[in-house]
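>>> quick one: sequence plus predicted model below, questions after.
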Amino acid sequence: MKKGLRDTARRGLARPGEAGQGEAGQGEAGQGQGTLTQRLRTLSLGLRMLDVSVAKVQRSNDDFYQSTQWRAFTRQIVAERGRVCEDCQRSVPVPERIHSDHVDEIHDGGARLDPMNIRLRCTPCHTRKTIATRTVRLSRLGSRTP
């Protein structure tokens, strides 16, 4: 146990009004310990922030999806087809994102800029399709024998 924690534990963390505490938050010896909240803020627990930058994985297609060519292509598809999910037929209002989703994913050999390989999807339909596609891909990888 760290020294600061031992000292705090020895003094006790009685709440104002409990035994050993006066109305002004004074300890048994009359020392100004303050309120429980103030004392807890001063505890040094030695916690560090977790660096999550190492957990971020760079996907190989990120550059493509940020390209001006892809953005112009998707704007054209949305202009032609409208902001309607092609799976559930729900109209997708402007602040909400509509996904230009590859039917056959690039990772699986699908054409990048073929309008026939693109479906417009709302976020729930896009997520559902992506999970299903990845599940199939992973099951294929798992069924391979070394």
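Now that the structure is in, tell me what you want to look at. Residues are numbered from 1 along each chain as shown.
>>> tell me the domain ranges of the protein?
3-42, 60-143 (automatic domain parsing).
>>> give the contact list for the closest residue to G110 other than its chain neighbours.
Leaving out its chain neighbours, the residue that sits closest to G110 by Cβ to Cβ, 6 or more residues apart in numbering is D104, at 3.1 Å. C-beta coordinates here come from the backbone N, C-alpha and C atoms, glycine included. Counting by Cβ atoms under 8 Å, 6 or more residues apart in numbering, D104 touches G110, A111, N117.
>>> which one of those is nearest V92?
N117 (19.9 Å; Cβ to Cβ).
>>> in a helix, the residue nearest to G110, correct?
No. Counting by DSSP: H, G, I helix; E, B strand; the rest coil, D104 is located in no helix; its state is coil.
>>> ok, of the domains of the chain, where does mean pLDDT dip lowest?
Note on those: lowest mean pLDDT is at domain 3-42, with a mean of 54.
>>> how about the strands in this structure?
Taking DSSP state E, the strands of the chain run over residues 99-102, 118-121.
>>> so which of the ones you listed is the most packed in?
A comparison of the strands of the chain by mean neighbour count, using mean count of other Cβ atoms under 10 Å, puts strand 118-121 on top with a mean of 22.
>>> contacting residues around stretch 113-125?
Here stretch 113-125 has contacts from 69-70, 73-74, 77-78, 81, 83-88, 90, 92, 96-104, 110-111, 129, using Cβ under 8 Å, 6+ apart.
>>> straight-line length of it, end to end?
21 Å (Cα to Cα, to the nearest Å).
>>> select the longest helix from this protein.
helix 123-143 (DSSP state H).
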